[in-house]
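Participant: Got a predicted model here, sequence first, then my questions.
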Amino acid sequence: MNTVILFVILGMLAAAMVIAFIRLARGPRLPDRVVALDLISVIVMAFICVYAVRFNQPNFLDVAIIMALLTFLGTVAFAFYIERRA
Amino acid sequence: MEETVVLLLMLVGASLILTASLGILRMPDLFLRMSASAKAGTLGVGLILAGVAIFFRDFAITTRAIAVIIFMLLTAPVAAHMIGRAAYFDGSPLWSGTLFDELKSHYHRSTHELDSGDVVVTDQLLEDSLMNDEGDDFQLEE
């Protein structure tokens, strides 16, 4: 694998992570932060997949599956409590 | 050849994810931010997973990658819808350039009940919306 291009991909994902964290810190309301958290978990899944290719470790994909399941449950729980609070 | 395809898929996926996070930073209200992150983010991760499936060329890995893609395609709209609904009930402000708020006359803020009558769009309402000319400033929130 061409490691230079893989590093470019990882750099783009890192930039996306930083930008999503800016929105997470800035808010301004709770739903905005929940959407930012959702995007951060998507970026983490992408990181895991790229690292699986980088180090030739297919087992990393299981972590991505667990990540997808937990993210959905977390978002649904957040939505439930925001709706209850309103 | 195969390596080129994998790298290309991953590059496109990563740039889509970067686009999604730019959208989440720059879009003016919650609902536009959600539309940016839900669609571009899902497609980006889907492309990266497709790259992984092509790279490993193994039946078990491909099955897992396809399972994750299908799961994300099923759950991302559901999660976005639930967050959007909760945020609307919570009173998230809409963008100043919003033309129609079709839920406005059907949601009773005091009882938290939705009714499902027809949306009445009168000429006056349409004219008022189109006259609202402040739609082009892409300001961040105050």
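Facilitator: Alright, I've got the coordinates.

Participant: mind listing the helices in chain B by residue range?
Facilitator: B:2-26, B:30-56, B:59-90, B:123-131 (DSSP state H).

Participant: what's the offset of the longest one from the middle of its chain?
Facilitator: Its chain's C-alpha centre lies 11 Å from the corresponding centre of helix B:59-90 when counted by CA atoms, centre = their mean, to the nearest Å.

Participant: quick revisit: return the most buried member of the helices of chain B.
Facilitator: For the helices of chain B, average neighbour numbers computed from mean count of other CB atoms under 10 Å in any protein chain shown are highest in helix B:30-56, which has a mean of 23. C-beta coordinates here come from the backbone N, C-alpha and C atoms, glycine included.

Participant: So which elements touch that one?
Facilitator: Packed against helix B:30-56 by the contact rule (3 or more CB pairs under 8 Å, 6 or more residues apart in numbering or on different chains; DSSP states H and E) you find helix A:30-54, helix B:2-26, helix B:59-90.

Participant: can you redo those as TSV with mean pLDDT and distance to A:V63?
Facilitator: Compiled in TSV, the helices and strands packed on helix B:30-56 are given as follows (pLDDT from 0 to 100; distance: least, CB to CB, whole Å):
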stretch	mean pLDDT	distance to A:V63
helix A:30-54	93	5
helix B:2-26	94	18
helix B:59-90	91	11
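
Participant: Mind putting those into JSON lines with distance to B:S96?
Facilitator: Supplementary listing: the helices and strands packed on helix B:30-56 in JSON lines, determined by distance: least, CB to CB, whole Å:
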{"stretch": "helix A:30-54", "distance to B:S96": "17"}
{"stretch": "helix B:2-26", "distance to B:S96": "16"}
{"stretch": "helix B:59-90", "distance to B:S96": "17"}
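
Participant: Out of these, which is closest to B:Y107?
Facilitator: Among those, the nearest to B:Y107 by CB to CB is helix B:59-90 (7.5 Å).

Participant: how close does the most centrally placed residue in chain B sit to B:A80?
Facilitator: For chain B, the residue whose C-alpha lies nearest the mean C-alpha position (CA atoms, centre = their mean) is B:S35; its distance is 1.8 Å. When CB to CB, to the nearest Å is the yardstick, B:S35 and B:A80 sit 8 Å from each other.

Participant: so which helix or strand takes in A:V76?
Facilitator: Here A:V76, judged by DSSP states H and E, is contained in helix A:60-85.

Participant: Report the angle between that helix and helix A:30-54.
Facilitator: Following axes from the mean of the first three to the mean of the last three CA atoms, to 10 degrees, one obtains 180 degrees for the angle between helix A:60-85 and helix A:30-54.
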